[in-house]
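Here is a sequence together with a model predicted from it:
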Amino acid sequence: MVFGFGKQKRVSAADQLASGKWKCVSCDEWHRWPFDLAAFAPDPWPHEVAYEQNGDLRFDGDFLSEDFCILGGKHFMVRAILPVSVIGVPGEFAFGCWSTLSETNFDKYIDGFDAGEYPDAPQWTGWLMNRLADLAPGAEPLGVIVQPQPGRQRPMLWVQDEEHPLAIAQSEGITAERMLEVFGHYGHAPAATEG
Ligand SMILES: [Zn+2]
């Protein structure tokens with residue numbers, strides 16, 4: 001990779017992340033670490049992304065709000081957070097994405113949602129409903145543990161198959177270079193570095 005001319009010098013990816021900000025190649029603005037990406041709807045959502053209110057939740061067709069999604073009145077999904085840490089850099093990358101839940105667990109999630117209380121700290125299972133760059137690129141279903149959080153935080157997702165690259169990324173972290181590649185996948189790579 002070639003960076004600019006003259007007095008500009010290479011700055012390592014880890015330094016860029018650790019410095020807390022980088023000039024984006026496409027947004028023409030500075031991004032800050034920790035930098036999050038979000039999928040606004042499950043990949044199979046067949047309509048425009050237009051949120052209804054959480055409180056208007058309907059079970060009789062397709063529904064999408066900031067936190068809940070139902071398809072065909074029988075597939076239940078929740079907005080969650082899949083964390084990935086970066087080796088040697090404090091803070092975590094959080095991918096906002098969607099997981100399925102069984103109808104039973106979806107009902108439990110709704111029941112605890114307003115109070116933000118899940119007293120028995122349950123660990124549900126679901127399927128990841130979004131691709132995550134080249135960390136979870138394929139169409140193969142990826143099983144996740146869904147942990148509802150107290151205090152109206154979004155549920156956390158952990159990839160179940162310990163051998164999967166994304167599970168390894170979650171348990172061991174990824175390099176800063178890899179993290180910047182993921183950002184690049186979505187068009188938020190650093191522009192030429194400052195000298
Ligand atoms: Zn950007």
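Done, it's in.

which intervals of this structure have sub-threshold pLDDT?
For the chain, the stretches with pLDDT under 70 are 1-10, 192-195.

how about the residues of it that lie near the ion?
Contact residues, the chain versus the ion (C-beta under 5 Å from the ion): 24, 27, 188. For every residue, glycine as well, the C-beta is placed using N, CA and C.

ok, so of those residues, who is nearest His75?
Proximity of the residues of the chain next to the ion to His75, judged by C-beta to C-beta, is greatest for His188, which lies at 30.4 Å.

What segments of the protein are helices?
For the chain, the helices identified by DSSP state H occupy 13-18, 103-113, 165-172, 176-185, in order along the chain.

can I get the ones you listed in CSV with mean neighbour count?
Conversion of the helices of the chain to CSV gives the following (neighbours: other C-beta atoms under 10 Å):
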stretch, mean neighbour count
helix 13-18, 19
helix 103-113, 16
helix 165-172, 17
helix 176-185, 18
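
Which one, of those helices, ends up nearest to Pro155?
Shortest separation from Pro155 across the helices of the chain is recorded for helix 103-113, at 7.5 Å, computed as C-beta to C-beta.

helices and strands around the closest one, which ones?
In this structure, helix 103-113 packs against strand 75-86, with contacts taken as 3 or more C-beta pairs under 8 Å, 6 or more residues apart in numbering; DSSP states H and E.

Name the residues that touch stretch 102-109?
Outside of stretch 102-109, the residues within contact range by C-beta atoms under 8 Å, 6 or more residues apart in numbering are 74, 76, 78, 101, 118, 122, 124, 126, 146, 148, 155.

could you dump those to a markdown table with neighbour count?
Formatted as a markdown table, those follow (neighbours: other C-beta under 10 Å):
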| residue | neighbour count |
| --- | --- |
| Lys74 | 9 |
| Phe76 | 23 |
| Val78 | 25 |
| Leu101 | 24 |
| Tyr118 | 18 |
| Pro122 | 14 |
| Trp124 | 21 |
| Gly126 | 24 |
| Val146 | 22 |
| Pro148 | 24 |
| Pro155 | 23 |
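
now, which of those sits nearest Ala50?
The nearest one, if we look at the contacts of stretch 102-109 relative to Ala50 and count by C-beta to C-beta, is Val78, at 18.2 Å.

can you tell me how far that closest one sits from the ion?
Using C-beta to the ion, to the nearest Å, one obtains 27 Å as the distance from Val78 to the ion.

how about the nearest residue to His31, chain neighbours excluded?
Cys24 (5.2 Å; C-beta to C-beta, 6 or more residues apart in numbering).

how about that neighbour, what does it touch?
If you count contacts by C-beta under 8 Å, 6+ apart, then Cys24 has 30-31, 187-191 around it.

Would you state the strands of the chain in chain order?
Listed in chain order, the strands of the chain (DSSP state E) span 21-23, 30-32, 37-38, 63-64, 68-71, 75-86, 89-101, 124-127, 143-147, 156-159.
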